[in-house]
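[1] how does the following fold in three dimensions:
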Amino acid sequence: MTKNILIYIALFFGSVSETIAQHAYFPMKGTIMFDREVYTRARIRELMQEHSDNRNPRIVMRHEGNINEIPEKTVSQFLLQFDEDETLMQPYEQEENTTATPNRPIRSSGSRNRNIRQGINRSSQQGKIYYQNIKTQEAEIALELDEKYLLQDSLQNITWRFTDEYRNIAGYECRRVNGATPDSLYIVAFYTDQIPLSAGPVLTHGLPGMILGLAIPEMHINYWATKVDFSVENVPKQWRDKKNKILTTEQFFESLNNNRIFGGSGSDPRQRRRNLLENLIY
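    Below you'll find the predicted structure:
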């Protein structure tokens with residue numbers, strides 16, 4: 001009799017846990033705050049080394065001395081909004097009297113949504129805006145140089161290799177995956193399957209969950225999620241500037257083919273394209 005009772009209890013709790021698992025909530029709409037870390041000093045040293053062959057050694061040494069006065073790392077914030085099919089990532093500037101607590105979800109409220117919109121508006125002119133449509137595999141980047149551009153292309157395919165390394169980011173257990181872009185740029189991503197949208201910062205995608213951590217070692221740039229909030233709002237549609245000059249990425253490359261800041265004027269067109277792509281996206 002006792003044995004039968006134990007069996008019934010085990011079956012009961014087993015069915016309850018299965019029911020809970022079946023009804024687990026996997027959010028598909030919300031916002032993620034990212035810190036963008038740029039190791040400025042290392043990045044400048046590397047850029048100077050690449051161009052040192054064409055420069056006066058005395059000038060190079062003088063500038064290397066000034067590098068030590070530059071902060072080792074700079075941090076800026078980006079806000080990524082997502083729904084079932086789309087993501088929109090924009091620069092975000094917090095008000096001075098607003099304090100943020102790392103790894104603490106933001107509570108949804110009308111005032112919070114207003115603060116987000118104000119933060120986006122304050123910084124929209126200071127950086128790029130990234131849009132990706134996961135359903136149609138389309139990508140757009142809005143940026144401003146000599147004029148305003150809207151670059152339209154398909155999402156680039158990234159080759160991923162899974163590892164057994166895990167890290168907690170913004171309160172989520174994330175798995176490490178090593179990746180390579182079509183231009184052979186090595187990247188490291190940490191994704192969570194608790195947000196089951198195949199997307200991430202700066203147009204990364206292709207994993208079975210949201211990317212909350214992204215490192216580009218060669219460029220000395222990292223993106224780390226600090227806050228995650230869920231909502232019922234879709235990605236906003238009215239973010240494109242009507243004054244934007246619409247180009248494909250290839251057309252944009254051709255227009256900046258000899259631009260030293262973005263791609264240099266080397267003889268290898270593949271290297272120029274890669275340099276342009278790296279500076280354009282990341």
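
[2] direction included, what does the helix or strand containing I246 pair against?
    Applying DSSP states H and E as the criterion places I246 in strand 245-248. According to DSSP bridges, strand 245-248 forms sheet pairs with strand 148-154 (parallel).

[3] ok, then the element right after the strand it pairs with?
    Next element after strand 148-154 (DSSP H and E): strand 159-169.

[4] tell me the mean pLDDT over that following strand?
    Strand 159-169 shows a mean pLDDT of 98.

[5] so what strands line up beside that strand?
    Looking at strand 159-169 with DSSP bridges, its partner strands are strand 172-180 (antiparallel).

[6] show me which positions of the strand holding I246 end up buried.
    Under the neighbour-count criterion of 16 or more other Cβ atoms under 10 Å, strand 245-248 has L247 buried. Heads up, the C-betas are built off the backbone N, CA and C, glycines and all.

[7] that one - what's its average pLDDT?
    Rounded mean pLDDT across strand 245-248 is 94.

[8] who are the packing partners of whichever helix or strand comes after that strand?
    Using DSSP H and E, the next helix or strand after strand 245-248 towards the C-terminus is helix 249-255. On a contact count with 3 or more Cβ pairs under 8 Å, 6 or more residues apart in numbering; DSSP states H and E, helix 249-255 meets strand 148-154, helix 269-281.

[9] quick one on the thing from earlier: please enumerate residues in contact with the strand holding I246?
    For strand 245-248, the external contacting residues (Cβ atoms under 8 Å, 6 or more residues apart in numbering) are E147, K148, Y149, L150, L151, Q152, D153, S255.

[10] most widely separated two among these?
    Pairwise distances across the contacts of strand 245-248 (Cβ to Cβ) peak at 18.8 Å, for the pair E147 and D153.

[11] so for those two, which sits in the more crowded spot?
    D153 (16 against 8; other Cβ atoms under 10 Å).

[12] how far away is the residue found closest to the more buried one once you drop the neighbours it is linked to in the chain from E140?
    Closest residue to D153 apart from its sequence neighbours, by Cβ to Cβ, 6 or more residues apart in numbering: T249 at 4.2 Å. The spacing between T249 and E140, counted by Cβ to Cβ, to the nearest Å, is 10 Å.

[13] which neighbours do the two share?
    Taking Cβ under 8 Å, 6+ apart as the contact rule, T249 and E140 both touch L151, Q152, D153.

[14] residues contacting the second one?
    What it means is Q152. E138, A139, E140, I246, L247, T248, T249.

[15] format those residues as a markdown table; extra columns: distance to G179.
    Below are the contacts of Q152 laid out as a markdown table (distance: Cβ to Cβ, whole Å):
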| residue | distance to G179 |
| --- | --- |
| E138 | 20 |
| A139 | 16 |
| E140 | 21 |
| I246 | 29 |
| L247 | 26 |
| T248 | 24 |
| T249 | 19 |
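
[16] which one of those is nearest E165?
    Proximity of the contacts of Q152 to E165 (Cβ to Cβ) peaks at A139, which lies at 28.0 Å.

[17] just checking, the closest one touches L150?
    No: with contacts counted by Cβ atoms under 8 Å, A139 stays clear of L150, the gap being 11.1 Å.

[18] now stretch 192-205: buried residues?
    Buried positions in stretch 192-205, judged by neighbour count with 16+ other Cβ under 10 Å: T192, Q194, I195, L197, A199, G200, P201, V202, L203, T204, H205.

[19] nearest spatial neighbour of the fourth one, skipping sequence neighbours?
    Closest residue in space to L197, ignoring its immediate chain neighbours: M210 at 5.3 Å, by Cβ to Cβ, 6+ apart.

[20] so how far is A42 from the one you found?
    M210 is 28 Å from A42, by Cβ to Cβ.

[21] those two: who's more crowded?
    Neighbour totals were compared for M210 and A42, and M210 leads with 29 against 14 (other Cβ under 10 Å).

[22] could you give the bridge partners of the more buried one?
    According to DSSP bridges, beta-bridge pairing links M210 with T192.
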